[in-house]
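**Q** what's the 3D shape of this:
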Amino acid sequence: MNYTDMCKYIFKEEGFPDWRWARVNKSRKDEIKTARQICYYMGSIFYNGMTLNQLGEPFGQKHCNVIHSIKVINNLRETEKVFDTRITNYIEAVSRWIDSNVVTTRVKKEKELAAMLLAKIAEMELIAKVYCVLSDKKMVDL
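**A** Numbers count the residues shown, from 1 in each chain. Here you go, the predicted structure:
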């Protein structure tokens, strides 16, 4: 499933089966605006290789609209339980369709990166302790 297919699915679920109309419609009505915002939010989760401009491109939107939309969806998820459940259902549905190898690889890379960073921090802490011992200085905890 690519980004466009995911957007088509979301728009259909949100009550807009005519993808071509929904895509070019510049309406600010809450229903269609929310469907676009959900697409941007979901795209930021599942298609993190895409730029913000690329996420907005199917709707003729720029990166600033995408940033704002992602913040709006995050806020709605935090404040409205029903809305959060709706987004969680979308995430679960899209997760089943997206190539699990891509998601697994991304998670694995993020875990490896986190492990490397923790190892570097531990190494730097050890170097700082050795320096303090050799120079008769006291180490300060931050």
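**Q** do you know how far Ser44 is from Ala115?
**A** Shown here: Ser44 relative to Ala115, a distance of 24 Å by Cβ to Cβ, to the nearest Å. For every residue, glycine as well, the C-beta is placed using N, CA and C.
**Q** and what of Glu14?
**A** Glu14 is 39 Å from Ala115, where distance means Cβ to Cβ.
**Q** Which residue ranges make up the domains of the protein?
**A** Residue ranges for the domains of the chain, per automatic domain parsing: 3-98, 100-142.
**Q** just to revisit the earlier point, which of Ser44 and Ala115 has more residues huddled nearby?
**A** Ser44 (18 against 10; other Cβ atoms under 10 Å).
**Q** tell me which element that one falls in.
**A** Secondary structure here is read from DSSP states H and E; on that basis Ser44 sits in helix 30-46.
**Q** Show the average pLDDT along that helix.
**A** This predicted structure assigns helix 30-46 an average pLDDT of 90.
**Q** Thr4 touches Pro58, doesn't it?
**A** Yes - with contact defined as Cβ atoms under 8 Å, Thr4 counts as touching Pro58 (6.1 Å).
**Q** out of the two, which sits in the busier spot?
**A** Between Thr4 and Pro58, counted using other Cβ under 10 Å, the more crowded position is Pro58 (18 against 14).
**Q** Now do the SS call for the more buried one.
**A** When the structure is split into helix, strand and coil by DSSP: H, G, I helix; E, B strand; the rest coil, Pro58 lands in helix.
**Q** Alright, I will stop here.
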